[in-house]
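S.K.: Got a sequence here, can you build the structure:
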Amino acid sequence: MDGEKSDEAAFIKAPTYVELVKLVDLLREQSAQSSTLQAEVASLRQVIAARNVSELVETPVTVTATPTMRPEYRVVPDLSRAMTLFSGE
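M.R.: Numbering: from 1, shown residues only. Got it, this is the predicted structure:
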């Protein structure tokens, strides 16, 4: 039992200080972009609420920022081929 835990602990790799600082900078940048997008969406909602939808839009409103969230894709094995019997353990 103790041998298994020590083997698992050997594979765990903590990020370095430099990696953590880079991650914090990246998260701050993404947070700022997200705040900018939220402000843009709020202003667009105000414009839409203030105008009648049937009126022609004289000046087109464009969104310049790109969303920060990206879809996450994962590859999962075909369980019907990978596992023939499930014992519940």
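S.K.: Report the secondary structure state of Lys13.
M.R.: For Lys13, the secondary-structure state derived from DSSP: H, G, I helix; E, B strand; the rest coil is coil.
S.K.: neighbours of it, just the number please.
M.R.: Using other CB atoms under 10 Å, Lys13 has 6 other residues around it. Yep, even glycine has a C-beta here, placed from its N, CA and C like the rest.
S.K.: What separation is there between it and Glu19?
M.R.: Lys13 is 10 Å from Glu19, where distance means CB to CB, to the nearest Å.
S.K.: Could you do Arg45 as well?
M.R.: Applying CB to CB, the value for Arg45 to Glu19 is 38 Å.
S.K.: list the buried ones in whichever strand or helix holds Arg28?
M.R.: The secondary structure element spanning Arg28 is helix 17-50 (assigned by DSSP states H and E). Within helix 17-50, the residues that qualify as buried by neighbour count (16 or more other CB atoms under 10 Å) are Leu37.
S.K.: Need the overlap of contacts for Lys13 and Glu19.
M.R.: Shared contacts of Lys13 and Glu19, defined by CB atoms under 8 Å, 6 or more residues apart in numbering, are not found at any residue.
S.K.: Enumerate every residue touching Ile48.
M.R.: Neighbour list for Ile48: empty [criterion: CB under 8 Å, 6+ apart].
S.K.: any idea what Ser87 is structurally, helix, strand or coil?
M.R.: Relying on three-state DSSP, one would call Ser87 coil.
S.K.: Next up, the contacts around it.
M.R.: The contact partners of Ser87, taken as CB under 8 Å, 6+ apart, number zero.
S.K.: The chain should start at 51 in everything you say after this.
M.R.: From this message on, residue numbering opens at 51, which makes the last subject Ser137.
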